[in-house]
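*Asks:* here you go, sequence then predicted model.
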Amino acid sequence: MSGRQRRTFVVFGFTTTHAALAAEQLLKDLGVPVTPIPSPKSLGGALCGIALRLDPVDAARAEILLERVELAVAARGEIEDV
């Protein structure tokens, strides 16, 4: 069994793939670490297939940065992952 611990992450969902990819690039360019993942079903059904996983300490800053450029987060949730 792996020594990696499960942790809680914040997940942002988007209505379009274009928005998800633009958000990923913007956040990475501004130094916010994000990981693209398949959109969890728990976020809802009207989302594109790409979501962004972030550390909870980065989530509030990321939302502010995305709002400034009018990239709306359509859904926000939490998941446990390694």
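*Replies:* Received it, and whenever you're ready, just let me know what you need.
*Asks:* model confidence for the residue lying closest to residue 49 once chain neighbours are set aside, exactly?
*Replies:* Spatial nearest neighbour of residue 49, chain neighbours left out: residue 39 (5.5 Å); criterion: Cβ to Cβ, 6 or more residues apart in numbering. The way it works is simple: take the backbone N, C-alpha and C, and place the C-beta from them, glycine included. On pLDDT, residue 39 comes in at 94.
*Asks:* helix, strand, or coil at the most centrally placed residue in the chain?
*Replies:* Geometric centre of the chain, nearest residue: residue 52, 2.4 Å, by Cα atoms, centre = their mean. Residue 52 falls in the strand class when you classify it by DSSP: H, G, I helix; E, B strand; the rest coil.
*Asks:* residue 20 is in contact with that one, correct?
*Replies:* Yes. With contact defined as Cβ atoms under 8 Å, residue 52 counts as touching residue 20 (6.7 Å).
*Asks:* intersection of neighbour lists for the two?
*Replies:* Taking Cβ atoms under 8 Å, 6 or more residues apart in numbering as the criterion, residue 52 and residue 20 both touch 14, 36.
*Asks:* in a helix, residue 48, correct?
*Replies:* No. Counting by three-state DSSP, one finds residue 48 to be coil, located in no helix.
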